[in-house]
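Undergrad: When you get a sec, could you give me coordinates for this:
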Amino acid sequence: MSERAALPPVPFIGLTGAVASGKSEALEALARLGAQTLSTDAVVHELLASEEVAGRIAERWGEEAAPEGEVDRATVGAIVFERPEELRWLEQLLHPRVGERVAAWRAALPSDAPLAVVEVPLLFESGMDAGFDATVVITAADEVRRARARERGTAYSQGRGERQLTQEEKAARANWVIANDGTPAELEARLAELLPRLRDEVAR
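TA: Take a look at the predicted model:
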């Protein structure tokens, strides 16, 4: 058996957090620290740009939802916000495809990668946490999250209705919790401290 084949599986980590907690910033920091990273939000955006998904959406909601083969995210967002049954349909369309993309990405990882981290906004709500070796939640105080959302020009909320767990509930379910109330440099330093602990504990 070669040395490469003898390497243990790459630790597979699920990353999440509440709105404006800094989970995407954490994913970028982990990439700088050497982890292999993937954002399921980015995967969803790619899927929405695909001819297959755009066609299915146009069949379901009309050409205005995907004019000229391009999904109008604002129109789709308005539809699923007002009609929970349509949101379920969209999730049933996207979630299996997201799962396939994540599985393919994981299968293609270099065997000597120190860590593989996937950011999933609804990690626990979707049940995807069961597929990871460990989970990490990024938290931040409400006033910090509110200020960040204001700076980004996005809406701040404690959650997204009944579908999304509160920050406290996410933290209670996670294996690791990282507070992100300070600067990006402070967040990266905390993640740098966590990285070897994640590798060591997952490998046990």
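
Undergrad: Let me see the contact set for the residue most central in space within the chain.
TA: By Cα atoms, centre = their mean, the chain has its centre lying nearest to residue 120, at 2.1 Å. Going by Cβ atoms under 8 Å, 6 or more residues apart in numbering, residue 120 touches 14, 15, 16, 40, 126, 128. In this view, the C-beta of every residue, glycine as well, is placed from N, C-alpha and C.

Undergrad: Same list (those) but as a markdown table, adding distance to residue 145, pLDDT and secondary structure.
TA: Formatted as a markdown table, these follow (distance: Cβ to Cβ, whole Å; pLDDT from 0 to 100; DSSP: H, G, I helix; E, B strand; the rest coil):
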| residue | distance to residue 145 | pLDDT | secondary structure |
| --- | --- | --- | --- |
| 14 | 20 | 97 | strand |
| 15 | 17 | 98 | strand |
| 16 | 14 | 97 | strand |
| 40 | 20 | 97 | helix |
| 126 | 21 | 90 | coil |
| 128 | 23 | 93 | helix |
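
Undergrad: Now for those, which sits with the most neighbours around it?
TA: residue 15 (30 neighbours; other Cβ atoms under 10 Å).

Undergrad: What separation do you get for that residue and residue 109?
TA: As judged by Cβ to Cβ, to the nearest Å, residue 15 and residue 109 stand 16 Å apart.

Undergrad: And the helices in the chain, which stretches?
TA: 3-6, 23-32, 40-48, 51-61, 73-82, 84-107, 142-152, 167-173, 184-203 (DSSP state H).

Undergrad: Tell me which of those helices sits most buried.
TA: Using mean count of other Cβ atoms under 10 Å, the stretch among the helices of the chain with the largest mean neighbour count is helix 23-32, at a mean of 20.

Undergrad: Near residue 39, how many other residues are there?
TA: Residue 39 has 18 nearby residues by other Cβ under 10 Å.

Undergrad: Excluding chain neighbours, what is closest to it?
TA: What sits nearest to residue 39 in space, not counting adjacent residues and going by Cβ to Cβ, 6 or more residues apart in numbering, is residue 119, at 4.6 Å.

Undergrad: do you know how far that neighbour is from residue 79?
TA: Distance from residue 119 to residue 79, by Cβ to Cβ: 25 Å.

Undergrad: Which residue is the nearest non-sequential neighbour of residue 37?
TA: residue 31 (4.5 Å).
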